[in-house]
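*Asks:* Coordinates for the following, if possible.
(one chain, ligands or ions: 1)
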Amino acid sequence: MRIAIVGGGISGRAIEQAVINRGATPQLFSRSTGFDVLHDDATRRLAGFDAIIEATGTFTTSKKTATEFFTRSTRALAAAARNNGARHILLSIVNCEHPDVQGYGYFAGKAAQESVARIESENVSIIRTTQWFEFAEQNLARLKVGPVSFIPQMTIQPVALAAAAEVIVDFAVGQRKDSTADFAGPEVMTLWELTQQLPHTRRLTIPLPLPGRFGRAFRQGVCLPGPDAEVIGPKLRQWLTARPAQHG
Ligand SMILES: NC(=O)c1ccc[n+]([C@@H]2O[C@H](COP(=O)([O-])OP(=O)(O)OC[C@H]3O[C@@H](n4cnc5c(N)ncnc54)[C@H](OP(=O)(O)O)[C@@H]3O)[C@@H](O)[C@H]2O)c1
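*Replies:* Prediction:
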């Protein structure tokens with residue numbers, strides 16, 4: 001079985017490993033491998049794959065930029081999946097469609113992406129997870145000024161990316177077929193608490209209260225999963241202990 005993984009910055013390698021563990025054959029596609037989802041012929045380039053995992057991303061807080069990027073990515077990959085008879089697996093975020101967070105451009109873009117996928121993709125599974133443990137490191141690198149990184153005040157129930165990758169592959173190989181499924185890790189914490197547990201860093205960290213309605217919602221737990229979410233993966237302490245071995 002051949003699985004195309006499109007995008008997948010931080011997630012691409014984890015999904016690639018999970019595909020290999022399952023005895024299937026992965027191939028990564030992104031601009032750095034010569035594939036631009038916004039401009040290239042996805043149907044032609046992704047012919048011959050049994051599943052297309054959509055893990056594209058762009059870091060922006062602009063609703064317009066996020067919506068344009070995510071919806072164009074999904075239109076292209078929905079068409080490629082349909083034309084090639086492949087399964088389409090879209091990575092998304094628990095509660096990104098919540099009304100309280102539509103003022104946060106990235107989440108508005110993800111919500112628009114989910115809507116396009118539901119309408120245009122015939123054989124899609126939207127796999128929504130909470131923030132990954134690895135999100136804390138992405139955030140340290142993204143929200144930085146000189147030696148300082150800003151940590152948005154968020155209450156989260158983070159999940160290990162490796163555990164998320166395993167369930168994504170369950171759907172890619174056709175073992176599971178729900179059109180939407182939510183997944184979360186086992187513990188509630190703040191992004192600040194998670195970040196402070198990382199063996200990161202000489203970086204200075206400063207809490208960042210996000211403004212307005214979405215900022216309040218993030219602090220009060222809008223990113224927490226509902227009762228239907230499946231809890232997967234290790235607790236933070238176990239994940240931290242296992243990490244050196246995982247990363248060689
Ligand atoms: N981070 C989290 O905690 C989390 C949680 C739940 C869901 N998700 C979702 O999971 C998805 C993947 O997240 P991530 O954090 O792994 O992404 P990421 O680190 O932002 O990486 C996204 C990748 O997309 C590729 N890309 C960007 N523009 C592209 C284009 N025009 N054509 C082809 N590839 C393009 C980039 O590779 P190139 O530069 O090589 O093109 C990049 O490596 C996102 O949709 C995100 O919303 C993330």
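*Asks:* So what's the gap between stretch 46-62 and the chain middle?
*Replies:* 10 Å (Cα atoms, centre = their mean, to the nearest Å).
*Asks:* now swap in stretch 165-184 and tell me
*Replies:* Centroid separation for stretch 165-184 versus its chain: 13 Å, with Cα atoms, centre = their mean.
*Asks:* Any part of it near the ligand?
*Replies:* No - for stretch 165-184, no contact with the ligand is found by Cβ under 6 Å from any ligand atom; the gap never falls below 9.1 Å. For glycine as for every other residue, the C-beta is placed from the backbone atoms N, C-alpha and C.
*Asks:* what's the first-to-last distance across that stretch?
*Replies:* With Cα to Cα, to the nearest Å applied, stretch 165-184 spans 12 Å between its terminal residues.
*Asks:* Could you do stretch 113-126 as well?
*Replies:* Distance across stretch 113-126, first residue to last, is 10 Å (Cα to Cα).
*Asks:* contacting residues around that stretch?
*Replies:* 67, 70-71, 73-75, 77-79, 81-82, 86-90, 92, 96-97, 171, 176-181 (Cβ atoms under 8 Å, 6 or more residues apart in numbering).
*Asks:* which of those residues count as buried?
*Replies:* Buried subset of those (neighbour count, 16 or more other Cβ atoms under 10 Å): 67, 70-71, 73-75, 77-79, 81-82, 86-90, 92, 96-97, 171, 181.
*Asks:* pLDDT-wise, which helix or strand of this protein ranks last?
*Replies:* Counting by mean pLDDT, DSSP states H and E, the chain has its least confident helix or strand at helix 236-246, which shows a mean of 82.
*Asks:* by contact count, what packs against that one?
*Replies:* helix 191-197 (3 or more Cβ pairs under 8 Å, 6 or more residues apart in numbering; DSSP states H and E).
*Asks:* Which SSE is immediately downstream of the helix it packs on?
*Replies:* strand 204-208 (DSSP states H and E).
*Asks:* Helices of this protein, start to end?
*Replies:* Applying DSSP state H to the chain gives helices spanning 10-21, 42-45, 63-84, 105-120, 135-142, 161-172, 191-197, 212-220, 236-246.
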